[in-house]
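Novice: Okay, here's the prediction I keep looking at, along with the sequence it came from:
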Amino acid sequence: MNNSISSGTTEDNQSLSAGLVKISMPLLELLGGALITMVSGFYLYEALQLPEPFNAKAVGAGEFPLIIGVVTLACALGLTILSLVKLISGKTSEYASFPRLGFVALSIAALIAVVSFMEILGAFGSMAILSFMVMLAGGERRIGYLVSIPVVLGATIYVVFVLALGVYFP
């Protein structure tokens, strides 16, 4: 009887590990950092092409994207360099495991759906709905988090853009 429990547990572990995708964490960080570095570099290049504001004291069309681009590029470069150092050092590393690639596909579908309806939902509502959908697709099931985080995210975006920067969204 004890063997059947043991073999059942082994079969359960095998079925769980069969759906896992394992990637070395420093390698994943290096690939992710390189991808984000390239995207943020392109974003920064495009932000530099935006016109200067007419009012020198106001945040213009190009200043906020420029700030975001510089900060994102600096963080992505830092992540890429640190992960490269980890890989070169040859230390044993942890592995990142993804239980289901379906969660990733659902998150991408949620992003496309929200972006498609952003004009109808508005910027704050769409960000709240997107964060809820991505958390749900990622496996979050705690109701408190599923409700509070989207609300706090929407409120934070409102405070930063509308109250702090004076940028109004439709």
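Specialist: All right, it came through fine.
Novice: residues near the closest residue to residue 145 other than its chain neighbours, how many?
Specialist: Excluding the flanking residues, the one nearest residue 145 by C-beta to C-beta, 6 or more residues apart in numbering is residue 135, at 6.8 Å. From N, CA and C alone the C-beta is placed, and that goes for glycine too. By other C-beta atoms under 10 Å, 18 other residues sit near residue 135.
Novice: who are the neighbours in contact with residue 135?
Specialist: Residues near residue 135 by C-beta atoms under 8 Å, 6 or more residues apart in numbering: 145-146, 149-150.
Novice: How far away from the center of its chain is the helix or strand harbouring it?
Specialist: Element membership for residue 135, per DSSP states H and E: helix 123-137. The chain centroid and the centroid of helix 123-137 are separated by 12 Å under C-alpha atoms, centre = their mean, to the nearest Å.
Novice: Tell me how far residue 29 lies from residue 37.
Specialist: For residue 29, the distance to residue 37 (C-beta to C-beta, to the nearest Å) stands at 12 Å.
Novice: And residue 136, by the same measure?
Specialist: Counting by C-beta to C-beta, the gap from residue 136 to residue 37 is 30 Å.
Novice: ok so, going back, flag every buried residue along the helix holding residue 135.
Specialist: 123-124, 126-135, 137 (16 or more other C-beta atoms under 10 Å).
Novice: list the buried ones in the very next helix or strand once past that helix?
Specialist: Later in the chain than helix 123-137, the nearest helix or strand by DSSP H and E is helix 143-158. Buried residues in helix 143-158, defined by neighbour count with 16+ other C-beta under 10 Å: 149-150, 153-154.
Novice: from these, which is closest to residue 70?
Specialist: Nearest to residue 70 among these: residue 153, at 22.9 Å, using C-beta to C-beta.
Novice: Can you name the residues that contact residue 94?
Specialist: 24-25.
Novice: ok, and what's touching the helix or strand hosting residue 37?
Specialist: In this structure, residue 37 sits in helix 25-48 according to DSSP H and E. Identification of contacts with helix 25-48 by C-beta under 8 Å, 6+ apart yields 62, 65-66, 68-70, 72-73, 75-77, 79-80, 82-84, 86-87, 93-96.
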